[in-house]
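Q: A predicted structure for the sequence below; I have some questions about it.
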Amino acid sequence: MSVIKDATDHRNSVPLSQRAAVIRWVVIGAVLVAAAWVAPFTALAQRRLIVLFLLPLAAAAVVALFRWPDLGFPLAVVVSLLVPFSIATGTQTGINASVLLVGMLVGMWLFDMIARRREIRLVASPVVSPLLALMAASVISLGFGQLPWLPTHPASLNAQIGGLMILLLCPAAFLLVAHRLRHLRALEWMTWLFVGLGGIFIACFVFPTLRNLGLRLFQRAVLDAMFWTWIVTLSFSQALLNKKLAPRWRMALVVVALGAFYVTVVMRSSWTSGWLPALVSVATILAVLRPKPVLAVGVAIGLLVLLRPSFLGSVFLSGDNEYSMSTRLEAWQILWQIIRLSPILGVGPANYYSFTTLFSIRGYSVNFNSHNNYVDIVAQTGLLGLACFVWFAVEAGRLLWRLRNRLPDGFPRAYIYGALGGLAATLVSGMLGDWFLPFVYNVGMEGFRASGLAWMFLGGAVALEEIYRGTLPPVATPAESETQDYVYRRRGPRALLPPE
């Protein structure tokens, strides 16, 4: 058996066992497709045809992702932005292709540890424990959600499971990238695909003749705050700090960032969730690099607010933002009455939405949600869940701060600065809506197309630390830059190809 396994055709250096496996999958796929074609061509047969055609492709994709896990992360960008496939769940939101792909990648990672390696090994990073604690608190909250907190029916079981899925899958996306991404080239592909596709959508949105095409081609992700936040933070940080890029590419990244601000500030000025988190990201990156000038600008803005208090209102309360803010404040006061029923562990995923009809808001007894990630976390998982998330945010900030000057110049260092700005922006976005942990009855699972990518890009910082672990000094100094460049050339840009 070992002789057959190691046998090789020296003309192309491909093991015969691998070639035989490929031939088997091709034959199976051909048989399935042929069987579908001989069936009566009814509507049901058409659906069966599609499924049978996709099965061998899915099987081949699973085999490829087991062999080269890094391929899954650039693929996740393409699927999240472009693939419209979705499965109905009986609620107002379906399970989309992004949820399915990331869930499959997480399942493959767990299978690899448990069944193949027979060992559960997690990276030695301080951000892992709070995320595992948050996921555990979410599971516990599902059990508490079955208790009769109020004299009305809770959310449907499908909605509760969907809410739990979001609470588990977002942190799992972070951990997935942190553990499975092991080549810098994969993170580069993931980043450049996101920026490139995002730039294409921005161009389509700016030009009226292409807008409808862009909206038909791209999926829900481009309508959420996390898309605009991370398209700005990644393009801006790479343009500013990645000096290994050619000037024309750095200028192209500047155009992408400016285009994003043009869409969110000029074309959609009343949508604060679009431009404010992105602006926070840019300000954070500049503040870390040049604190004194940014501090001076902050003082100037503070003086302007003191002299003209109406300035803040004109910026943040334009359009229907004033009405939105007042109704949200009323909603939070009502939600506190629900939260205090179970302040430690919450009332369970999605449940508070069904309880809101018992309370009148502006004279109406209707279902409503908080439009705030932090209120959602407390209502669903209690103060325990919020404490776990705050713990994670603190540890992630400390990690990014520690790494900012330890990694080599070029893409890695620029990425860490971008992640630092992206973390600050993501935390701010949580005050404006349920953007980084979509609520199942508002942004819903479709929101995972954008929020999942945000968690994955943050997880890329832990992956970078693992890639360079043990190769860099604790603190980077100018005298060590030559050594860092050597390490980057040797270990950084590794091709995403099967081993020779």
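A: The structure has been received and is ready for your questions.

Q: C-alpha from now on. contacts and neighbour counts both.
A: Noted.

Q: where exactly do the helices run in the stretch 351-500 of the chain?
A: Ranges of helices in the stretch 351-500 of the chain, per DSSP state H, counting those that start in this stretch, are 351-355, 373-403, 411-429, 448-467, 481-491.

Q: The ones you listed: lowest mean pLDDT?
A: With a mean of 42, helix 481-491 has the lowest mean pLDDT of the helices of the stretch 351-500 of the chain.

Q: Just the CA coordinates for stretch 385-399, please, in CSV.
A: Extracted C-alpha coordinates of stretch 385-399, given in CSV (Å, rounded to 0.1, in the frame of the first residue of the first chain):
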residue,chain,number,x,y,z
GLY,A,385,-21.8,38.4,27.2
LEU,A,386,-21.0,42.1,27.1
ALA,A,387,-18.1,41.6,29.6
CYS,A,388,-16.7,38.9,27.3
PHE,A,389,-17.0,41.1,24.2
VAL,A,390,-15.3,44.1,26.1
TRP,A,391,-12.6,41.7,27.2
PHE,A,392,-12.1,40.6,23.6
ALA,A,393,-12.0,44.2,22.3
VAL,A,394,-9.3,45.2,25.0
GLU,A,395,-7.2,42.2,24.2
ALA,A,396,-7.5,42.7,20.4
GLY,A,397,-6.5,46.4,20.9
ARG,A,398,-3.5,45.4,23.0
LEU,A,399,-2.4,42.8,20.4
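
Q: Let me see the residues that make contact with that stretch.
A: Outside stretch 385-399, the residues that touch it by C-alpha atoms under 8 Å, 6 or more residues apart in numbering are 126-127, 130-131, 133-134, 137-138, 345, 374, 377-378, 420, 423.

Q: Enumerate the positions of it that are buried.
A: 385-393, 395-397, 399 (16 or more other C-alpha atoms under 10 Å).

Q: How about stretch 66-86?
A: 66, 68-83.

Q: Ok, stretch 362-375 next?
A: Buried-residue list, stretch 362-375, by 16+ other C-alpha under 10 Å: 367-375.

Q: again with stretch 99-106
A: Burial within stretch 99-106, assessed by neighbour count using 16+ other C-alpha under 10 Å, is assigned to 99, 101-103, 105-106.

Q: Which residues does it contact?
A: Residues contacting stretch 99-106 (C-alpha under 8 Å, 6+ apart): 72, 76, 79, 169, 172-173, 176, 445, 448-449.

Q: can you redo these as TSV with distance to residue 336?
A: Shown next, in TSV, are the contacts of stretch 99-106 (distance: C-alpha to C-alpha, whole Å):
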residue	distance to residue 336
72	41
76	37
79	38
169	26
172	29
173	30
176	34
445	25
448	26
449	30
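
Q: Which single one of the residues you listed is nearest to residue 240?
A: Of all those, residue 76 has the smallest distance to residue 240: 26.0 Å, by C-alpha to C-alpha.

Q: does that closest one sit in a helix, a strand or a coil?
A: For residue 76, the assignment made with DSSP: H, G, I helix; E, B strand; the rest coil gives helix.

Q: Relative to residue 359, how far out is it?
A: 41 Å (C-alpha to C-alpha, to the nearest Å).

Q: Any idea which helix or strand in the protein has the lowest mean pLDDT?
A: helix 2-6 (a mean of 37; mean pLDDT, DSSP states H and E).

Q: how about residue 466, what does it touch?
A: 123, 178, 182.
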